[in-house]
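Trainee: this is a predicted model, with the sequence first.
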Amino acid sequence: MKKLFAEFFGTYWLVFGGCGSALFAAGIPDLGIGFAGVSLAFGLTVLTMAYAVGHISGGHFNPAVSFGLWAGGRFSAKELLPYIIAQCVGAVAAAGTLFTIASGKAGFVIDNTKAGAFASNGFGAFSPDGYSLEAAFIAEFVLTLFFLLVILGATDKFANGKFAGVAIGLALTLIHLISIPITNTSVNPARSLSQAIFTGGEPLSQVWLFWAAPILGAIVAGFIYKNLLQNHAEA
């Protein structure tokens, strides 16, 4: 249960910190943090929780990461479903907290006809810069693949594990710097689901892509690292 609580709180913090920065701080006139600030916020959530609870659960905070670690031989298949449930519950709880806070401002409403509403992900008309379904799928697949390669490499038994959280947090920051204009950046099915539930409409109907592409990319990365990169002779 401690592992599941760690995944709950880690994913909660990721969604609350990352999506919260997008909702509350990105667009403030003159003082807003913009895309770069939101990218850094997502990276910092993972970095901080990796050190806070990563030693308890492994610090996945993301269903795609759990699948990727399973494919790479680092995680048991029997733990996949409990981890994913804990991650999704944590993400939805964070989104609910964000909704409650946002509702405290006069005139707050989620316009689910606009791209990025309530920090949701999307493609086509719901992509921040109008990227197609195909472009969004490729971006999410490739970026999650490389995210998992960083995670698997940084946490390898032969790597310097003390800095794994830094490498992983910076990788997520870079991923957001690249892809916020494309999909508003997912690479995390739980994060996408939580915002889509509160947004509804077309963003909710598009959430399938933000499960399929990250999970497929993560699984491919797991097999790549295990079979092409990992030093089996030393292992």
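Mentor: Noted; the coordinates are in hand. Numbers count the residues shown, from 1 in each chain.

Trainee: and the closest residue to residue 21 other than its chain neighbours, what element?
Mentor: Leaving aside its chain neighbours, residue 21 sits nearest to residue 41 (3.7 Å; criterion: Cβ to Cβ, 6 or more residues apart in numbering). All C-beta atoms are positioned from the backbone trio N, CA, C, and that covers glycine. If you go by DSSP states H and E, residue 41 is part of helix 34-57.

Trainee: rewinding a little: who's in contact with the residue nearest to residue 21?
Mentor: 17-18, 20-22, 25, 33 (Cβ atoms under 8 Å, 6 or more residues apart in numbering).

Trainee: mind listing what's buried in the helix holding residue 41?
Mentor: Residues of helix 34-57 classed as buried by neighbour count (16 or more other Cβ atoms under 10 Å): 35, 38-50, 53-54, 57.

Trainee: how about residues contacting the helix or strand where residue 218 lies?
Mentor: Assigned by DSSP H and E, residue 218 belongs to helix 209-224. Applying Cβ under 8 Å, 6+ apart, the external contacts of helix 209-224 come out as 62-65, 67-74, 121, 123, 133, 136-138, 140-149, 152, 183, 186-189, 192-193.

Trainee: quick one: mean pLDDT for it?
Mentor: Mean per-residue pLDDT for helix 209-224: 98.

Trainee: quick one: distance of it to the chain centre.
Mentor: 13 Å (Cα atoms, centre = their mean, to the nearest Å).

Trainee: list the buried ones in it?
Mentor: Applying 16+ other Cβ under 10 Å to helix 209-224 flags 209-211, 213-222, 224 as buried.

Trainee: of the contacts of helix 209-224, buried ones?
Mentor: 62-65, 67-72, 74, 121, 123, 136-137, 140-149, 152, 183, 186-189, 192-193.

Trainee: pLDDT below threshold where in this structure?
Mentor: Low-confidence segments of the chain (pLDDT under 70): 233-235.

Trainee: do a quick rundown of the helices in it.
Mentor: All helices of the chain, identified by DSSP state H, fall at 2-24, 34-57, 63-71, 80-102, 133-154, 164-183, 189-199, 201-205, 209-224.
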